[in-house]
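Engineer: Here's my sequence, what's the structure:
(3 chains)
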Amino acid sequence: MARLVVEGLCKGWDFPVIDDLSFTVEEGEFFVVVGPSGIGKTTLLRLIAGLETPDRGRIDAGAREITKVPPYRRRVAMTFESYALYSHLSVYENIASPLRARKVDRATRDRQVHDVAQLLRIDHLLSRKPGEISGGQKQRTALGRTLVADPDIFLLDEPISHLDAKIRHELRSQFHTLEDLRRVATVYVTHDYAEALSLGDRIGVMGNGGKLVQIGQPRDLFERPATLTVAEHLGQPTINVIAAELAEDEGNLIVRAREGNLRFKVADRHKQVLKDLKTRELTLGLRPQHVRPLENGGAATSIAANVDIFEPLGSMGIMIADTGGVRITALTHPEKHYGSGEQVTLAVEEDRLHYFDAETGRNLIEAG
Amino acid sequence: MAHVALKNVNKIYGSGTRAVHAVQDLNLDVESGEFVALLGPSGCGKTSTLRMIVGLESISSGDIFFDDRRVSDLEPQDRNVAMAFETYALYPNFTVWENLAFPLEVRGVSEVEQRQRANEIAELLHITPILDQYPPNLSGGQQQRVSLGRALIRDPSVFILDEVMSHLDAHLKFQMLFDLKRLHRDLKRTMVYVTHDQVEALALADRVAVMSNAVLQQVGDRNTLYNRPANVFVADFIGEPPTNFFTVEPAQNGDSIKMIVTNADLTFALTEQTAAAVKVHGGNRFTVGIRPQNLHLDDKGDLQAEVLINEYLGERSILSVANSQAKFRALVSPDVTAGPHSSVRFSYDPADVLVFDEKTEALIV
Amino acid sequence: MVASDALSPPKAVEVTLADRWRYVRYLFIAFLALWLLFTLFPLYFMAITAFKSAAETNLTIPTFWPREWFPSNFAGVFAEPTNFDALIDSFIIASCNTMLALVLGSLAGYAFARFPRQAGGENLAFWILSNRMFPPVAILVPMFFLFDNTPWGTDSHLSLIILYLVFNLPLATWLMMVFFREAPRELEEAAYLDGWTPFKAFIKVTLPLVLPGMISVAMLCWIFAWNEYLFANLFVGTAVRTYTIVIPTFTHGSQTLWNLQMAFSLIAMIPPVTLFILLRRYMVRGLSLGVVKG
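Structural biologist: The predicted structure is shown next:
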């Protein structure tokens, strides 16, 4: 049991993949690194596991520096995106592998393998080979193999991204309730922001150039993104991004789109910061869930728009509407159908708008 | 564009005791210009069905028609079907332009016309800037667009899209969904889209055909599948998170029937209509299903439960809750902060309560 | 809603098309049958010759069925008791050589596959393979003098075991490198994280993965060493004799005893064929290396 400290970690080949990364994962904490694929998340895990050697920086597990310790002596367990199950061994032997490596006696090994298999509901598959079980079961076997290892640090690489929706929900609940996972430091890597929000005690958003753009609790990240990149990466459909500028209207501070005639009142809680800005131009972020079509129109701050396209998804509908120059995505009720070209009135929750610096993308309000 | 009809189509692999019935008595009509999705878990027979439509797989019995033409015995190249593959299947040594134009070149279309059509398609799919590049240098999303473009450039009777988005990142996938939907709206082609991902199917298709265990379970639009699922499988498979199910016993109370959950202190009321149907159906054990989004947090609600997990997902939260032995989920606003061990109450609209036969698992209406 | 009478015209076209394909298929089958005859005939002729009398083998017009059967030919080849020892010698040399080629080839192949830079790179690997490519005759005489100056000389098991490595080791190294490259590296890494040391991970995880390929390589090496004639003929003589140099000794004056040569050859075919049948299952799998996908 130990906390994981990563300090100034660098790794690159022809170009930097991990650039001066520092973070701490407390004992018992579930830390999720989220970012688009190919951004270096897996490299980060491989560095922590010892499968790659860092160019610079150090990694500590508790009081022990493990930067130069070979992987088989690090007491780190990792699941691979490809599961990496031993195809020639049974499910039992796959799970038992870490125990055999530590020469745990037969009785203890038997008991531990069966316990973890029962927990993951694969106990009826123990004699099968990995080629004979489904994707979800393979994932559980891989997870079982890491769970019995009793490591200091858990590393999980996209463990559920490739599974069906139903199994994904089930495994997500399991990650919430598995006590082994909640007892040690866990680093979980995914490209799926929903997984990140759901599972993470804290989340690190990885951006271009191998840096962590923001680290924080799920709600903080989603509701108070530090940069436009974070806001764009978390949330589906993606946050509406509108090039806008500040203006005065009858003594009130307003913000309006640079093209078209979209305009919003600035909420009181945003006024102070925005008033003091040197520049008038900024980037406006508007989450689709904070836009909704009004049933009978005509509220004071409503926007007239034409439906461009509407898609009913499972539990929500998505509407893309043209507000005269600016297209806005809105989350709607899935069962009310909107035809292409239909006129709608949209209402926006103005105090939930996000204001970003037009050039740097920094959040103007939250970053202070 | 053609109307596609499958009549009593069967596919049996192998023979004798080792025969596998992969598709069983499938009847499906795809109207001219319609977008139909074939949805089901892996191994449900959707890929066999698709391969039979294309002609890559022979039909064990039954027939397939494109308009009035019986195509069951025709070779794939004689059926005039265009297909986009899961693996893109682009020619790596051809540029994007050459890849797009290839189906035209094979058919002896003049180079001038090839150019013109390729440019149109490229415009439609936003791949004009990459026309001169080679596929290995493109991102997954771009390759997928080229692959779609190559299928679209011809003027076939029907388009088949096979799991074309399964390799794309969530964000890219979302964008492709809208582009594909626009494409269909503009082109008005008959399309059959095969996928295991219900979000794709529901978003794109005019109608979704749900398959499981070689059998077509139900065909319908989103609202039908959501509100009137034909059976437990459809109710469970369609919807994210999946439908909550309870084993219940009915209790007659005057004219109305209440459904009492056997392993928890929960009771569901039914609409008069459903109650009547249940009465006609008879029986003393049923399965009740209610969708997570149809459970509403409400202090005066009838359903009490203890929170196990509050999954914050940004746009929404999923509450996993329990009442004695019964566990279920509810979709709530992301602003809800009820944590583990807190007690919550839900209300629901009796119209949203689905009742299934416990044995046959068919919806009772 | 399609009327069924719309079906007849296209059907007529399909029938002729299908028929044309059927003729092509018959032609193809006929060709295959001929080819099979062509390849099997030498084997057949060898087998019946082994049962003929010496006189019958020397007829100007050959017979395709023995006039009289002489199973005694098979006993006759062992009239000289050292002939059986030659089979044993061949077996010892081929097996030891194969074992060495596999062990050394696997280690080298693994190094080339996993640590290409440290192991000397693709060029070195290819250079090793190229050793297999020059004509053996070119080194025949130099090798003789080289081995003549070793403590064990030329006429020993060890000399041939080592000599055959010149040909089998490059092949084994190259093929094992290809197999190791195909074996997913992640499995080894997973094994490290389970706590296995690199050597243990190699034995427990990587080796089983490439085992089918390895068996194929073993078969190739073994058959090469078993059938080698050129070097054996020059190197060995009294202390050691391989079966290949025994075959030409079945003569009577200036007359070649074809029946005995064929009988002995048939007996010499038994070990490789048995091995092949026993290991066939693994060899086929060697072509499609087992990897569990997601």
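Engineer: The stretch 51-200 of chain A against chain B: which residues are in contact?
Structural biologist: Those residues of the stretch 51-200 of chain A that sit near chain B, judged by C-beta under 8 Å from any C-beta of the partner chain, are A:164-166, A:169, A:172-173, A:176-177, A:191-194, A:197-198. In this view, the C-beta of every residue, glycine as well, is placed from N, C-alpha and C.
Engineer: if you set the cut-off to 7 Å instead, what comes out?
Structural biologist: Listed as neighbours of chain B in the stretch 51-200 of chain A under the rule C-beta under 7 Å from any C-beta of the partner chain: A:164-166, A:169, A:173, A:176, A:191-194, A:197-198.
Engineer: Which of the three states applies to the residue lying closest to C:M214 once chain neighbours are set aside?
Structural biologist: Taking C-beta to C-beta, 6 or more residues apart in numbering or on different chains as the measure, C:M214 lies nearest to C:L102, with 6.4 Å between them; neighbours along the chain are not counted. Under the three-state scheme (DSSP: H, G, I helix; E, B strand; the rest coil), C:L102 adopts helix.
Engineer: Isn't C:L102 up against C:A218?
Structural biologist: Yes. Under the criterion of C-beta atoms under 7 Å, C:L102 is in contact with C:A218, at a separation of 5.8 Å.
Engineer: Scan the helices and strands of chain B for the one with the lowest mean pLDDT.
Structural biologist: Ranking every helix and strand in chain B by mean pLDDT, DSSP states H and E puts helix B:170-187 at the bottom, with a mean of 83.
Engineer: If we go by neighbour counts, what in the helix or strand that it is followed by is buried?
Structural biologist: Going down the chain from helix B:170-187, the next helix or strand is strand B:191-195, by DSSP states H and E. Residues of strand B:191-195 classed as buried by neighbour count (16 or more other C-beta atoms under 10 Å in any protein chain shown): B:191-195.
Engineer: Same question for stretch B:275-294.
Structural biologist: When neighbours are counted by 16+ other C-beta under 10 Å, the buried residues of stretch B:275-294 are found to be B:275, B:277-278, B:286-294.
Engineer: Can you give me the pLDDT of the closest residue to chain C within the stretch 201-350 of chain A?
Structural biologist: In the stretch 201-350 of chain A, the residue found nearest to chain C is A:G210; the distance is 20.9 Å by C-beta to the nearest C-beta. A:G210 is assigned a predicted lDDT (pLDDT) of 86.
Engineer: I'd like the distance between A:K138 and A:T186.
Structural biologist: 20 Å (C-beta to C-beta, to the nearest Å).
Engineer: for B:H341, that is, sorry about that
Structural biologist: Relative to A:T186, B:H341 is positioned 22 Å away (C-beta to C-beta).
Engineer: now B:P92
Structural biologist: Taken as C-beta to C-beta, the span from B:P92 to A:T186 is 40 Å.
Engineer: Settle it for me: which of these two has more neighbours?
Structural biologist: The neighbour count for B:P92 versus A:T186, taken as other C-beta atoms under 10 Å in any protein chain shown, is higher for A:T186 (26 against 9).
Engineer: give the contact list for A:Q112.
Structural biologist: Listed by C-beta atoms under 7 Å, 6 or more residues apart in numbering or on different chains, the contact set of A:Q112 reads A:99, A:148.
Engineer: Domain-wise, how is the chain divided?
Structural biologist: No chain was given, so I picked chain A. A:4-227, A:240-357 (automatic domain parsing).
Engineer: looking at chain C here, not the other one
Structural biologist: Following automatic domain parsing, one finds the domains of chain C at C:10-49, C:79-287.
Engineer: what mean pLDDT does the host helix or strand of B:T47 have?
Structural biologist: The secondary structure element spanning B:T47 is helix B:46-54 (assigned by DSSP H and E). Mean per-residue pLDDT for helix B:46-54: 91.
Engineer: quick one, that helix and strand B:191-195 angle?
Structural biologist: Counting by axes from the mean of the first three to the mean of the last three C-alpha atoms, to 10 degrees, helix B:46-54 lies at 160 degrees to strand B:191-195.
Engineer: Which secondary structure elements does helix B:46-54 sit against?
Structural biologist: Using 3 or more C-beta pairs under 7 Å, 6 or more residues apart in numbering or on different chains; DSSP states H and E as the contact criterion, the elements in contact with helix B:46-54 are strand B:4-13, strand B:20-30, strand B:35-39, strand B:81-84, strand B:158-162, strand B:191-195.
Engineer: Report the secondary structure state of A:I48.
Structural biologist: Secondary structure, three-state DSSP: A:I48 is helix.
Engineer: got the contact list for A:L181?
Structural biologist: A:L181 is in contact with A:30, A:154, A:175, counting by C-beta under 7 Å, 6+ apart.
Engineer: and those residues, which of them are in helices?
Structural biologist: A:F175 (DSSP state H).
Engineer: Out of the contacts of A:L181, grab the one that's most surrounded.
Structural biologist: Ranked by the number of neighbours (other C-beta under 10 Å), those place A:F154 first, at 27 neighbours.
Engineer: all strands of the stretch 151-300 of chain B, in order?
Structural biologist: Applying DSSP state E, counting those that start in this stretch to the stretch 151-300 of chain B gives strands spanning B:158-162, B:191-195, B:207-212, B:215-220, B:244-253, B:256-261, B:267-269, B:286-290, B:296-297.
Engineer: oh, I was asking about the stretch 101-250 of chain A
Structural biologist: With DSSP E, counting those that start in this stretch applied, the stretch 101-250 of chain A shows strands at A:153-157, A:185-190, A:202-207, A:211-216, A:240-249, listed in chain order.
Engineer: how about those strands in JSON lines, adding distance to C:F45?
Structural biologist: Compiled in JSON lines, these are given as follows (distance: least, C-beta to C-beta, whole Å):
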{"stretch": "strand A:153-157", "distance to C:F45": "62"}
{"stretch": "strand A:185-190", "distance to C:F45": "67"}
{"stretch": "strand A:202-207", "distance to C:F45": "72"}
{"stretch": "strand A:211-216", "distance to C:F45": "76"}
{"stretch": "strand A:240-249", "distance to C:F45": "83"}
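Engineer: so which of the helices and strands packed on helix B:46-54 gets nearest chain C?
Structural biologist: Taking C-beta to the nearest C-beta as the criterion, strand B:4-13 is the member of the helices and strands packed on helix B:46-54 that comes nearest to chain C, at 6.6 Å.
Engineer: buried stuff in the closest one?
Structural biologist: For strand B:4-13, the neighbour count (16+ other C-beta under 10 Å) marks B:4-7, B:9-11 as buried.
Engineer: cool, stretch B:215-231 as well?
Structural biologist: Using 16+ other C-beta under 10 Å as the burial criterion, the residues of stretch B:215-231 that qualify are B:215-220, B:222, B:224-226, B:229-231.
Engineer: Quick check: which ranges of chain A have low pLDDT?
Structural biologist: Applying pLDDT under 70 to chain A flags residues A:1, A:296-301, A:367-368.
Engineer: in it, which spans are helices?
Structural biologist: Taking DSSP H to define them, one finds helices in chain A at A:41-49, A:91-101, A:106-119, A:135-147, A:165-177, A:193-199, A:218-223, A:228-233, A:268-275.
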